[in-house]
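*Asks:* Pasting a predicted model and its sequence here:
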Amino acid sequence: MWRKSKPYLLLLPATGAIILLFFGGIFDGLLKSFGYFPAIGQTDLNLAAYERLLSSGAFWESLRLTLRVAALSSLLSALIGALVAIALFFLNDAMRTKSPKAWHRLFQLPLTIPHLVAGYIIVLLFMQSGFVSRILAAIGWIDDIADFPVLVNDPFGWGIIFTYAWKEAPFVSLMLYPVLSRIHGSWREVSRVFGAGNWPFIREVVMPVMMPAWTVATFIVFVFTFSAFEVPYLLGVTYPSVLPVYSYQLYTSGTLADRPEALAINMILAAMTILLGLVTYYFSKRWNVLKGWG
Amino acid sequence: MSDLRIIDIQKRYISAQAREENPFMLHPVRLAIREGEFFSLLGPSGCGKTTLLKLVAGLLEADGGELWVGDENLTNVPPESRRFAMVFQQSLLFPHKTIEDNVAFGLKMQKVGKQQRLKAAREMLEHVGLSGFGSRFPDELSGGQQQRVALARALVANPRVLLMDEPFSALDPGLRQEMRELLSRIQKEFRVTVLFVTHDRDEAFALSDRIAVMGEGKLQQVGSARELYERPETTTVASFLGLRNILGGVIENGHFASSDKIMEAAVHLPLSDGDYFMVIRPEAIKASENGQSGHARVRGVVQEMKYGRGIYSLIVKVRKQLLECVLTIAQAEKTAVGEPIDLFVDMKEVWFLKE
Ligand SMILES: Nc1ncnc2c1ncn2[C@@H]1O[C@H](COP(=O)(O)OP(=O)(O)O)[C@@H](O)[C@H]1O
Ligand SMILES: [Mg+2]
């Protein structure tokens, strides 16, 4: 009994602190979102903040933007990630004797760069006065850098979407690659003998095999981009802003009365994240017991 | 006629790793396989059988040579357009497809309609004794059943040539026997041209119309099982076929004398004088003379006796030479390990070859 529980007991101080800070923080936020604020004499709990939030146009506008940005960035990174993974797979196949390591490293590069830095890179590259725009102006594709489309700090959120697509695509391919490498090298030979060229092979074998992992990876990216703060804070516009940024704006607006609303947004975000996380978990579990993989 | 003709196809592997001493090389191969023939490539592991098969399939690019089926030159046709089929050592079924869909794969690639190809797949599954298994997934089948599915998948698209690379070597002996019979029956029924690779002599002998013995990247000899076994052209072929009684010696004036002087006898074949190897099949050695002439007598000591399926196989030591022979149970019971024994070599049954 003692021997079994000893490691857990030894971990208790660390886990205790984490649990206290994490769940304590959430609990504190939850209380405050219900209007509990002893410092100014508020001790009764109510749903006023949630009511105000759900009836404000700004909240719905922000939610719409958040969903759109998350959906587009996860779809885009899913697409790019899959292309990269398949490309690596065929590359590996073609150069079995040589080392494909360099390519792997290159595609893994975005994974090692923090989101904040990635955001700055996108800003520097795609701002109207940025690198790309200046190059295009210099070679005469556009007359003036002001003709370059507003891709950073734009109301639609393209800058955010680009950043996430660039940053999360390698994550998607990293999730896909091991699945692809389960594809037996000889399956390619079998299908060739039976008349399948490259495209039929991708359609008939590669796609069905990687579909489950692909869907789960896309889901994870969606959940992440849905609740992430720093990239939209850096690359978004003041209005409309995505939910995490909107919450921050409310919290730091200067009026204490806005704070319960800010925390209510956080609670809604947390609830949705947990929900989406559970859905992802459920599907990843279900698809892991893949028919026929034995 | 749609014969398969392999004309001087050759291949040298270039290794990327620090220059290997001597990378494997498949020497130019020239073979003509008749339509509907069951042709085997027989040789020890590593002699280049798979390499040759993959060259024929187009999965490897040849360094030179041509491949024809009938009057069609397939040398530069990619494998997906050759209308060949292949069965590998593992079944290599697609795990995410049902058995039916696996079998119908080739037809799907040929853009045959869904109803039609599933119908054909079911019929072919019936032929291999798996009707009713169509909606299962590969992991719900045993190894032998999976290999039957692989066979059905290969045959359903009516291939010009069926290539098989040691398809039964991963199965246990009973199952292997069963699969050989199935393959033999189906091959005759569909009259499909088969190029079959194996390292198993008995398998090649049981199935093939003709066999090519391969060794060290070269074709050694081509012929029927009987021709190869009774008239091997080289000692390599003879010993690969399990013929271990090979005696070096000289023929002079129609008389053979082995160099270790254990036997001397008149030769029944019209051979000119010179150095020869005499190959004695175990069946050509008898334990009694039977009153017939033309036997050479040797005296030795029984060194080993092994019982095998109704006969005894003996190793007899004659001076330094070991001779392998087979005896009936009655003959074997008269002797024992360590006993002296008289053996009679039927000179009409021996074979001479020049190296
Ligand atoms: N891709 C390859 N690159 C280099 N050498 C190879 C390759 N494939 C096979 N070989 C070598 O070629 C020889 C023949 O191989 P293989 O055709 O598979 O023999 P078998 O099928 O008769 O056992 C072996 O010595 C093997 O090591
Ligand atoms: Mg092989």
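*Replies:* Nice, thanks for sending it over. Ligands and ions are numbered 1, 2, ... in the order given.

*Asks:* Alongside chain B, which residues does the stretch 101-250 of chain A contribute?
*Replies:* Counting by Cβ under 8 Å from any Cβ of the partner chain, the residues of the stretch 101-250 of chain A close to chain B are A:184, A:186-187, A:189-197, A:200, A:204-205, A:208-209. Bear in mind the C-beta positions are built from the backbone N, C-alpha and C, glycine included.

*Asks:* report the longest helix in chain A, please.
*Replies:* In chain A, taking DSSP state H as the definition, the longest helix is helix A:57-94.

*Asks:* Oh, that last question was meant for chain B, not what I typed.
*Replies:* Assignment by DSSP H gives helix B:173-190 as the longest helix of chain B.

*Asks:* quick one: strands adjacent to the helix or strand that it is followed by?
*Replies:* Remark: after helix B:173-190, the chain's next helix or strand is strand B:193-198, criterion DSSP states H and E. For strand B:193-198, the paired strands and their directions (DSSP bridges) are strand B:38-42 (parallel), strand B:161-165 (parallel).

*Asks:* Give me whichever of the ones you listed is most buried.
*Replies:* The highest mean neighbour count among the strands paired with strand B:193-198 belongs to strand B:38-42 (a mean of 25), with neighbours defined as mean count of other Cβ atoms under 10 Å in any protein chain shown.

*Asks:* Residues in contact with it: which ones?
*Replies:* The set of residues that contact strand B:38-42 without belonging to it, under Cβ atoms under 8 Å, 6 or more residues apart in numbering or on different chains, is B:31, B:33, B:49, B:52-53, B:184, B:187, B:193-201, B:203-204, B:207-214, B:240.

*Asks:* And chain B, what are its domain boundaries?
*Replies:* Under the assignment named as automatic domain parsing, the residue ranges that make up the domains of chain B are B:4-236, B:243-353.

*Asks:* chain center to stretch A:162-173, what's the gap?
*Replies:* Here the centre of stretch A:162-173 is set off from its chain's centre by 8 Å, with Cα atoms, centre = their mean, to the nearest Å.

*Asks:* what is the mean pLDDT for that stretch?
*Replies:* Stretch A:162-173 shows an average pLDDT of 87 in the prediction.

*Asks:* so what's A:L269 up against?
*Replies:* Shown in contact with A:L269 (Cβ under 8 Å, 6+ apart): A:F226, A:S227, A:L243, A:P244, A:S247.

*Asks:* From these, keep the buried residues only.
*Replies:* Using 16 or more other Cβ atoms under 10 Å in any protein chain shown as the burial test, the contacts of A:L269 include A:F226, A:S227, A:L243, A:P244, A:S247 as buried.

*Asks:* if I look at the second one, how far off is A:P244?
*Replies:* As judged by Cβ to Cβ, to the nearest Å, A:S227 and A:P244 stand 6 Å apart.

*Asks:* Contacts only, for the closest residue to ligand 1 within the stretch 51-200 of chain B.
*Replies:* When scored by Cβ to the nearest ligand atom, the stretch 51-200 of chain B has B:T51 as its residue closest to ligand 1, at 3.4 Å. For B:T51, the contacting residues are B:K11, B:Y13, B:F24, B:L26, B:L60, taking Cβ under 8 Å, 6+ apart as the criterion.
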